[in-house]
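**Student:** sequence-free structure coming up:
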């Protein structure tokens, strides 16, 4: 087994989730790395959709931002931003949306807006961007976020993007048509919503990580899956593809 | 004075109305002839907008239909049809809309839908097309139609496109933001709405036409303007440009 | 195309064949006639000669439209006769309303809002036109429902071997027709190894198109920009064929 | 550009400078700072470093936005400090909401409808988000009001001598920004004799643009496709400048 960083484990695991996926909505940062890695490993035909308009972008290296010229230059099609949200995201055409989070709660609701009170925030974060509608309408959502008690909180200070709301039936009551977060990939493992309670449970730990470590890094009483598994470590091929991608 | 057909008089007079206009919404038939003639005579910079998407088309000859390739090929820009109506017509960006009519009433309301009862029509006509929103939202509307008692009726069987409704204040009450029909150009003369009553009055007769002829060709008691004028006959240059255009 | 139409279009479906006088999917429409599809709700902003043919052939139960004519020539006599005889249910809109109904369908919304229809007789006869009030200004506008399309059919200039479709020139509501329908059929002039840039081109990526069929000339007698111009004589000749029911029957038999 | 900004932007105006990380009108934004415009309501989906500069320089009374950050780098410290100190009024939306607010403005409608915001905390804090009911299905959706823009400012690759503007690549909401505003300023990389075809180009015809100004490099340090790439070091360097108020003041003085 080669040595690797926890970021690398996250990107590799994110890429693996895209094996069977047609189209994926991509932000910048770890989601972009994961999606671009998938195109180089498990799913060469994966369609990357960026919110600035590129549909089917095939960037030769990781874009610096979603405005990067190579996204448009390599895209199958470029839509305007209103079209991206109205014709492509809203009808649920995109199978997977990748999201990050500053705070995440036990129902996978996401906060990227403020820490503290909205009117008098302790920390003002960037805000919603495309996330609320990605979370509402993509077929499913994969959250990629580092696990810590500050980030994994009992209750988010602000719901920027709805996960599973307050539990069973919440998404249906809100009229949200996608399945919501089906996986949360962290630096320690993978969490998935319990089919009944919709509460996130730890289903995988990454190699060398213990369930206790994951529980300590969580601000709520994190439950473990009946069968807790260990993630496959990154293969040589995965690491090689990832490092080439990042270095490009 | 050269000899000319009444259609030619109509097209020439239509073109003259576009001397100071920036952008004009064009259908097929006489409106298209008039607008294209204006580009060759009084207003070479006139922007022609076609409902199939071409903005700033510069057709070298009269298009057979609004799908004609040369419209797109010579356009400054091509919009989708939803964009044409939403971004270009609806906000009132287009100064003049040219419309035809199967029936027209004394308030310049237009019928292009049915003659007779809607459910059991005597004659089923093509229908609305782009006309209702052109009539509502273009800065002003110029109607081009041959005058006859069958066409110029006391009351249209169906209001496809609103002229001046039932008279003063009607457009404001309906929330229509353009001025509505400001001129009706016929084979006999020109009618304009009275500033007070909004009823169409005959302001011009074409050379050789009498006011009585125009009144006989009208299904309501057509009033004459205080100063009834005679239209300038087509000049040699106008006729030459028109005939070249039609023959091209 | 025969298989695509057989597989994807069922009797009773709501079907739109779009192309705003350019790139009209005529061949696909005639395939619907040959396969004797019945009880269709046909949708099209500008039903022209291929819709006259479909109506005359008895494929349509209902027509949703905004302008029905033989563009630049005159009337559609089979359409006109069917309406005047009360044999065809119609749901009639303006172009702006229809364009917004397609856009709403493509957007996954149940309705669209526009400034339109106020003061016209259309709302008296079309129950898919309703008032709606702006929750911010109190202004009254008009709502129209999204089209509920089972199948969207268009003709495009070309596709690549992966099934990505490209069309250009005036492209009307074709993108919305494909994106707004549950299933879609795109006939193309040719299949090429690689798409290249074309001015104002619309690309429909392979994953949003159900079936692509190579049908050269599939838009004739209408235009296909950079492939052929409109055959105006055919449009004119249709007037005579359509006017006379016996002539029309002869045409239908020969199809 | 000096004259265009002086003539068209007034203190107290609502002004949008758009460009979705590509073709950001940075030079025009900095001209607003130089001319000491005050009490502006600034609108932008993705306020990034030029908005951090405008906010730090005291030009803005209010910000209407959906994502405020230094893309790919981190936070906007002047923006963050102003909000945390309660010195900047904010009206916060999602991208989908903002994009639809631009589209409504360009469409001459008072509002737009979308599926959005349901279940989020945004409607609790933003009063320009309201429920609306579909008059056909009874379904509840969300309405957002049209942006009410005095001035729309964008940067484009080029214009011709008549003033027709052309931009291409990822063109975001730039068309809507110009069409949705009462007055508009477009800075361009170059003025050319004739525009030619470019893939996915948007042309804004001369008669819908108030003023065109040739400003080569007007989008630096962001991208202008086919002219220059993003200067990523400048984005990174801004983090340090913006973080320290004294550093920021020095930057402002030198502008």
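**Tutor:** Okay, I see it. These figures come from a predicted structure and were not determined experimentally. Residues are numbered from 1 along each chain as shown, chains lettered A, B, ... in the order given.

**Student:** buried ones in stretch C:63-77, by neighbour count?
**Tutor:** By neighbour count, with 16 or more other Cβ atoms under 10 Å in any protein chain shown as the criterion, the buried positions of stretch C:63-77 are C:63-73, C:75-77. C-beta coordinates here come from the backbone N, C-alpha and C atoms, glycine included.

**Student:** which single one of those is nearest to residue A:222?
**Tutor:** residue C:64 (54.0 Å; Cβ to Cβ).

**Student:** tell me who's in contact with that closest one.
**Tutor:** For residue C:64, the contact set (Cβ atoms under 8 Å, 6 or more residues apart in numbering or on different chains) comprises C:14, C:41-44, C:90-93, C:98, C:147.

**Student:** so which of those sit within strands?
**Tutor:** Judged by DSSP state E, these include C:14, C:41-44, C:90-92 as members of strands.

**Student:** so which of the residues you listed wins on neighbours?
**Tutor:** residue C:43 (30 neighbours; other Cβ atoms under 10 Å in any protein chain shown).

**Student:** how many residues are close by residue 199?
**Tutor:** All of this is about chain A. Around residue A:199 there are 19 residues (other Cβ under 10 Å).

**Student:** you looked at the wrong chain, it should be chain C
**Tutor:** 18.

**Student:** same check, this time on the one 5 residues further on
**Tutor:** The criterion is other Cβ under 10 Å. On that basis, residue C:204 has 25 neighbouring residues.

**Student:** just give the nearest non-adjacent residue to it, would you?
**Tutor:** Spatial nearest neighbour of residue C:204, chain neighbours left out: residue C:165 (4.3 Å); criterion: Cβ to Cβ, 6 or more residues apart in numbering or on different chains.

**Student:** for the one you found, give its distance to chain D.
**Tutor:** Distance from residue C:165 to chain D, counting by Cβ to the nearest Cβ, to the nearest Å: 16 Å.

**Student:** what is the neighbour count of that residue?
**Tutor:** 28.

**Student:** among the ones in strands among the contacts of residue C:64, which one lies nearest to chain D?
**Tutor:** Within these, the smallest distance to chain D is 13.0 Å, found for residue C:91 (Cβ to the nearest Cβ).

**Student:** then residue C:151 would be within a helix, right?
**Tutor:** No - if the criterion is DSSP: H, G, I helix; E, B strand; the rest coil, then residue C:151 is strand and not within a helix.

**Student:** could you report the neighbour count for it?
**Tutor:** By other Cβ under 10 Å, neighbour count at residue C:151 equals 26.

**Student:** isn't it up against residue C:7?
**Tutor:** No - using Cβ atoms under 8 Å as the test, residue C:151 is too far from residue C:7 to be in contact (10.4 Å).

**Student:** and the most centrally placed residue in chain A, helix, strand or coil?
**Tutor:** Central residue of chain A (Cα atoms, centre = their mean): residue A:143, 2.7 Å from the mean position. Recorded secondary structure, residue A:143: strand (three-state DSSP).

**Student:** ok, now which ones touch the residue of chain A at minimum distance from chain C?
**Tutor:** Residue of chain A nearest chain C, by Cβ to the nearest Cβ: residue A:91 (3.1 Å). Applying Cβ under 8 Å, 6+ apart, we find residue A:91 in contact with A:137, C:106-108, C:179.

**Student:** show me the contact partners of whichever helix or strand residue C:252 is part of.
**Tutor:** Using DSSP states H and E, residue C:252 sits in helix C:245-254. Identification of contacts with helix C:245-254 by Cβ under 8 Å, 6+ apart yields C:33, C:53, C:56-57, C:78, C:81, C:240-242.
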